[in-house]
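K.L.:
coordinates for the following, if possible.
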Amino acid sequence: MKVHQLSVFIENKAGRVSEVTEVLGEHGVNIRGFSVSDTADYGILRLVVDKPDVGRDALRQRGFTVKESEVICIRLDDEPGSLARVLKIVSDAGVNIEYIYSLVATYVVLNVGDVDAALSLLEGQPVQLVSHEEIAAV
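P.N.:
Prediction:
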């Protein structure tokens, strides 16, 4: 089975990821997983969404450069070593894994310029902050 992924090329500046997610939300597109990789000036926001055609078209209409590609999605057992076993099958065959990220998780990690300031902004908002201990217990 193949899954459709959208890769959105964005400037590495405040608000750009937010703009992409707003466009998708306005068009009723649900994000099922995502990854952001960046350089000094630009980034790539990779997304798996429930309606890739709608998402692609909406983002292009707003001026974003979007590439659609096919990727593979696997379901893992929640136990140590399950990812390693799958990756070994692929790598032992000499197939290069270019990147990897997870889907359908409501736990999201944000790396921000000022962690303390961001935490202060989020406290008291309708956002549930999660501790390392809570993640380990999941």
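
K.L.:
could I have whatever helix or strand residue 53 lives in exported to CSV, CA atoms only?
P.N.:
For residue 53, the host element (DSSP states H and E) is helix 52-61. C-alpha atoms of helix 52-61 as CSV (Å, rounded to 0.1, in the frame of the first residue of the first chain):
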residue,chain,number,x,y,z
PRO,A,52,-4.3,15.1,0.0
ASP,A,53,-5.9,16.4,-3.2
VAL,A,54,-7.8,19.1,-1.3
GLY,A,55,-4.8,20.0,0.8
ARG,A,56,-2.5,20.2,-2.2
ASP,A,57,-4.8,22.4,-4.2
ALA,A,58,-5.6,24.7,-1.3
LEU,A,59,-2.0,25.2,-0.4
ARG,A,60,-1.1,25.9,-4.1
GLN,A,61,-3.9,28.4,-4.3
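
K.L.:
which SSE is the nearest residue to residue 46 once chain neighbours are set aside in?
P.N.:
Setting aside the residues directly before and after it, residue 46 is nearest to residue 35 in space (CB to CB, 6 or more residues apart in numbering), at 4.6 Å. To be clear about C-beta, it is placed using only N, CA and C from the backbone, and glycine gets the same treatment. Here residue 35 sits within strand 31-38, counting by DSSP H and E.

K.L.:
in that strand, what's buried?
P.N.:
31, 33-36 (16 or more other CB atoms under 10 Å).

K.L.:
can you put those in CSV and add distance to residue 127 and pLDDT?
P.N.:
Formatted as CSV, these follow (distance: CB to CB, whole Å; pLDDT from 0 to 100):
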residue, distance to residue 127, pLDDT
31, 16, 90
33, 19, 87
34, 17, 91
35, 21, 91
36, 19, 90
